[in-house]
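Engineer: give me a model of this one.
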Amino acid sequence: MPVQMMISFLASLVLTLSSTGQIKQPNPQRPLRITGTYSNMYYNSEGGDVIGDEVRIVNTRRGYQGVLQISEGAPEQLVIVDVKVAGTNVSFSIPDSSPYAGTFDGKVENGILTGEFHFKTGGADKVELKRGKSYWD
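Structural biologist: Next up is the predicted model:
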């Protein structure tokens, strides 16, 4: 079989299979998954402390909400926040009732939430939180 006929045959075979659904075409419109648990929390056996940050983002009727927990030795109480999502960008405000009051601005890429906490006390903290199980699971 001449090369040109072989190429033509293979091209028609691929077109036929893809039109019947037997070959899956990539979906460039697939929406980014923002929801999930993002954490860098760990147990420090030297001091017996739990260290890190954890954010769980869920979708609700009102839009996205999150549960935030920060730990610098002893885990703080959970804080519920309204999460703003624009493309891959994620942001939320931490209420004044939290010792970590302020804001968070970040981005979700490849299952990692990277960003920065800006605390009303003047401090800031850059974080990289990987999507996965909660520290508490």
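Engineer: just for this structure, where's the confidence low?
Structural biologist: 1-31 (pLDDT under 70).
Engineer: what ranges do the helices span in it?
Structural biologist: 3-19 (DSSP state H).
Engineer: tell me the domain ranges of it?
Structural biologist: Domain segmentation of the chain under automatic domain parsing yields 1-27, 36-131.
Engineer: make CSV from these and add distance to Asp137 and mean neighbour count to it.
Structural biologist: Where you see a C-beta, it was placed from the backbone N, CA and C, and this is true even at glycine. Putting these into CSV (distance: least, CB to CB, whole Å; neighbours: other CB atoms under 10 Å) gives the following:
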stretch, distance to Asp137, mean neighbour count
domain 1-27, 30, 9
domain 36-131, 8, 15
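Engineer: look up how far Tyr38 lies from the residue nearest to Ser71 when sequence neighbours are not counted.
Structural biologist: Distances taken as CB to CB, 6 or more residues apart in numbering put Val50 closest to Ser71, at 4.5 Å, once the chain neighbours are dropped. Val50 is 16 Å from Tyr38, where distance means CB to CB, to the nearest Å.
Engineer: run through the residues that contact Tyr42.
Structural biologist: Neighbouring residues of Tyr42 by CB atoms under 8 Å, 6 or more residues apart in numbering: 50-52, 135.
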